[in-house]
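Undergrad: Have a look at this prediction, sequence included:
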Amino acid sequence: MQRDFHFYTIYTLSRCAGFGPKEAEIVACASQFTDDATREEPFYFENGGFFRPIVTAHNYHRWLGGLKAITKEAGYQVWIPFHFMPGVEEPEEIKGRKEERFYWRLRVCPVRLGDDSPLDQALKRLLDLRLKPYSFHLLGVALHVLADTWSHQGFIGLTRPENEVEDLDPDGNGVSFWEHLKDKFVDLIPNTGHAEALTIPDEPFRCWSYTDFWGKRREFDNVERCLFAARACYEVLSEFGNKYLGKRKKRPFQEIEASLRKLFEKEGELENRCRWWQEAISGSEFFQRNSDESPEYLEGAWFRRAIEVRYDLEKKETVYRWRPNFNESDFRLFHAAAAFWRFVVLHEILPKVGVVCG
């Protein structure tokens, strides 16, 4: 999934599930920030103190991020807990075979609340917690992972041959362009997650297909995937709201499903898709918005509210100072939530199902 789903769809679902504008914004921002929290260098503050952020993604578009993204450490510490949650289901193709079984169990499977999968167990842990300062941020992280189980299904959060994609057809209209691209750059595309499928699994309007590692042809309708993902996220939001927010008016998912489908079906670049979501929200298509309610994801906004940055000409280095609200800031609380989520997934949930990667 991309920003149109991780932020705008999640914001919309949160509001429809009874969350207030501020609550929905925190959940949606945390959901999207899970794709943007790429800094791993610690902050040594000029006014005292130290803070090490939790890396929840690597930026493929920068050469250093691309190199880090394909390492085993990135797979186990970043991609698996935050984007490629293992389903631990053994596909029919390997049942009865022992070789490589561990890696096949890392394949992502779509998740629904109550299916007792590893992610379902992690979601139950979230819903069993007492309300914490970072609970809404934690909910956003969890919904990011949940949504990604639908778009990333069938792939593994490591650099592995099982992620091989051949004869990629993004729209059902032939493979000539993509075959040319793959022929030209095949050696440069790693078998990390769905990298060989490019961004196609994350784009809601796509109907696409490819030949997998076993030589089997796979066909997908991303609109249907997004609708299933939206329903799953809505169920979690409703459960969270029932426990922590009390009785609030909600819209049944069936009432908003047609409007969701219409937006998922609209073909366009990411920025256009985000604009269409903003227009739908402004037009109160899903919920009655407040007069000043205009959600927009601004990358870096949480950071700027928490940390002051300046360049020291004498030292010739960037200097950081924490702002007075740092400990209560969304930036710090997001990283607290991410640290909690990663610990629970890697050290409590996955070891119980035979996956050791903590």
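TA: Everything's here; your move.

Undergrad: Which residue ranges of the stretch 51-200 of the chain form helices?
TA: 63-69, 72-74, 80-82, 101-104, 118-128, 135-151, 176-185 (DSSP state H, counting those that start in this stretch).

Undergrad: wait, I meant the stretch 251-358 of the chain
TA: Using DSSP H, counting those that start in this stretch, helices in the stretch 251-358 of the chain cover 253-265, 270-282, 301-306, 330-344, 350-352.

Undergrad: Looking at these, which is nearest to residue 78?
TA: helix 330-344 (8.7 Å; Cβ to Cβ). Where you see a C-beta, it was placed from the backbone N, CA and C, and this is true even at glycine.

Undergrad: which residues of the stretch 151-300 of the chain score low on pLDDT?
TA: 172-190 (pLDDT under 70).

Undergrad: hmm, 80 instead?
TA: 171-191 (pLDDT under 80).

Undergrad: follow-up on the earlier one: winner for burial among the helices of the stretch 251-358 of the chain?
TA: helix 330-344 (a mean of 21; mean count of other Cβ atoms under 10 Å).

Undergrad: Centre of the chain to it, how far?
TA: 14 Å (Cα atoms, centre = their mean, to the nearest Å).

Undergrad: what is the orientation angle of that helix with helix 118-128?
TA: Our comparison of helix 330-344 with helix 118-128, counting by axes from the mean of the first three to the mean of the last three Cα atoms, to 10 degrees, yields an angle of 130 degrees.

Undergrad: Which of the helices of the stretch 51-200 of the chain comes out lowest on mean pLDDT?
TA: The stretch with the lowest mean pLDDT among these is helix 176-185, which comes in at a mean of 48.

Undergrad: Pretty sure residue 2 sits against residue 270.
TA: Yes: the criterion here is Cβ atoms under 8 Å, and residue 2 meets it with residue 270 at 5.6 Å.

Undergrad: export the helices of the stretch 251-358 of the chain to TSV and tack on distance to residue 221?
TA: Output for the helices of the stretch 251-358 of the chain, formatted as TSV (distance: least, Cβ to Cβ, whole Å):
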stretch	distance to residue 221
helix 253-265	10
helix 270-282	17
helix 301-306	34
helix 330-344	30
helix 350-352	30
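
Undergrad: now for those, which one comes closest to residue 243?
TA: Nearest of the helices of the stretch 251-358 of the chain to residue 243, taken as Cβ to Cβ: helix 330-344 at 17.0 Å.

Undergrad: That closest one - contacts with which helices or strands?
TA: helix 21-33, helix 80-82, helix 118-128, helix 135-151, helix 301-306 (3 or more Cβ pairs under 8 Å, 6 or more residues apart in numbering; DSSP states H and E).

Undergrad: For that helix, list the C-alpha coordinates in PDB.
TA: Extracted in PDB, the C-alpha atoms of helix 330-344 (Å, rounded to 0.1, in the frame of the first residue of the first chain):
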ATOM      1  CA  ASP A 330       4.000  12.400  18.400                       C
ATOM      2  CA  PHE A 331       7.500  11.900  17.000                       C
ATOM      3  CA  ARG A 332       8.800  10.300  20.200                       C
ATOM      4  CA  LEU A 333       5.500   8.400  20.900                       C
ATOM      5  CA  PHE A 334       5.600   6.900  17.400                       C
ATOM      6  CA  HIS A 335       9.100   5.500  18.000                       C
ATOM      7  CA  ALA A 336       8.000   4.200  21.400                       C
ATOM      8  CA  ALA A 337       5.100   2.400  19.700                       C
ATOM      9  CA  ALA A 338       7.400   1.100  17.000                       C
ATOM     10  CA  ALA A 339       9.800  -0.300  19.600                       C
ATOM     11  CA  PHE A 340       7.000  -2.000  21.500                       C
ATOM     12  CA  TRP A 341       5.500  -3.500  18.300                       C
ATOM     13  CA  ARG A 342       8.900  -4.800  17.100                       C
ATOM     14  CA  PHE A 343       9.700  -6.400  20.400                       C
ATOM     15  CA  VAL A 344       6.300  -8.100  20.700                       C
END
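
Undergrad: Give me the residues contacting it.
TA: 26, 29-30, 33-34, 37, 51, 53-54, 56, 77, 81-82, 122, 125, 133-135, 137-138, 140-142, 145, 302-303, 305-307, 326 (Cβ atoms under 8 Å, 6 or more residues apart in numbering).

Undergrad: Now it: average pLDDT?
TA: For helix 330-344, the per-residue pLDDT averages 98.

Undergrad: Now do the residue nearest to residue 39 when sequence neighbours are not counted, the pLDDT please.
TA: In space, and not counting its chain neighbours, residue 39 is closest to residue 53: 5.3 Å by Cβ to Cβ, 6 or more residues apart in numbering. Predicted confidence (pLDDT) at residue 53: the value is 97.

Undergrad: measure the spatially most distant residue from the centre of the chain to residue 221 for me?
TA: Most distant from the centre of the chain: residue 314, at 40.9 Å, with distances by Cα atoms, centre = their mean. Look at residue 314 and residue 221: by Cβ to Cβ, to the nearest Å, they are 59 Å apart.

Undergrad: One more: residue 72?
TA: Distance from residue 72 to residue 221, by Cβ to Cβ: 33 Å.

Undergrad: more crowded one of those two?
TA: residue 221 (13 against 10; other Cβ atoms under 10 Å).

Undergrad: Surely that one and residue 209 touch.
TA: No: if you go by Cβ under 8 Å, residue 221 and residue 209 don't touch, sitting 10.1 Å apart.
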